[in-house]
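S.K.: how does the following fold in three dimensions:
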Amino acid sequence: MEFREVVRRRRMVRRYSGEPVDPAVVDRLLEHAQRAPNAGFTQGWAFLVLDTPDDVARFWESTGADPDTHNAWLDGMRTAPVVIVPLACKAAYLERYAEADKGWTDRRDDRWPVPYWYVDAGMASLLILQTAVDEGLGACFFGIPGEHTDSFRAAFGVPEDHKPVGAITIGHRETDTGAKGSPARRERRTNLVHRGRWGTTVTP
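M.R.: As a prediction, this is how the structure comes out:
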């Protein structure tokens, strides 16, 4: 698929068919994710892959989705056969930038203008979403509620220094792609590009 078509067709898919996802495709999603740009080539991310019915069910339960709770969003999302959780490790970045070629030996996090550990994990997540489209699959990125982070960690043995930046469901699209997201209720903005000076907007 042409890259511009991948970008154009990417949507958050919230309902999936029962067809399993080829493990080789899941491996390609993860391979591409690890090609994302990252500060200092720190590679301070990790990806928890949940691709068995038991692990997927444990994910939903550990993140606050009671099996007896039903709504359009949750019922659709729980049909995904694969969930990938991208995690960011702040400590890895502080350690990397304390090395000789960077020299921030005090490991102060206030040196960072933005928390690139989250930025980099976000870019890796986007590559997963785009690769899913290229493979003919659907995917959806969503957040794990903060009050359930500890129970998620406990369920899967995630170390304290790795923080989930969200989760991604993966699967074959249903004709009905599930609960409608915000784009169904909001128009795409066209005044976001400023050329040369703020306030001089350009419509793509």
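S.K.: only C-alpha atoms for contact and neighbour calcs from this point on.
M.R.: Noted.
S.K.: separation between residue 159 and residue 118?
M.R.: 17 Å (C-alpha to C-alpha, to the nearest Å).
S.K.: of those two, which one has the most company?
M.R.: residue 118 (21 against 10; other C-alpha atoms under 10 Å).
S.K.: thought residue 163 was touching that one, still the case?
M.R.: No. The pair residue 118 / residue 163 is not scored as a contact, 9.1 Å apart, by C-alpha atoms under 8 Å.
S.K.: identify the contacts common to the two.
M.R.: Between them, residue 118 and residue 163 have residue 88 as joint contacts when contacts are counted by C-alpha atoms under 8 Å, 6 or more residues apart in numbering.
S.K.: quick one: the helices in the protein, in order.
M.R.: Secondary structure of the chain by DSSP state H: the helices cover 3-9, 23-33, 53-62, 72-77, 90-96, 116-134, 149-156.
S.K.: and residue 141, which of these is closest to it?
M.R.: The closest of those to residue 141 is helix 116-134. By C-alpha to C-alpha, the value is 7.8 Å.
S.K.: and residue 109, what is it in contact with?
M.R.: Here residue 109 is in contact with residue 94 (C-alpha under 8 Å, 6+ apart).
S.K.: ok, it to residue 117 distance?
M.R.: In terms of C-alpha to C-alpha, residue 109 sits 11 Å off from residue 117.
S.K.: just for this protein, where's the confidence low?
M.R.: For the chain, applying pLDDT under 70 flags the ranges 177-179, 181, 202-204.
S.K.: closest to the centroid, which residue in the chain?
M.R.: residue 125 (3.8 Å; C-alpha atoms, centre = their mean).
S.K.: does it touch residue 85 like I think?
M.R.: No. At 9.0 Å, residue 125 does not count as touching residue 85 under the criterion of C-alpha under 8 Å.
S.K.: between those two, what contacts are shared?
M.R.: residue 168.
S.K.: now the terminal residues of stretch 84-92, how far apart.
M.R.: One end of stretch 84-92 sits 21 Å from the other (C-alpha to C-alpha).
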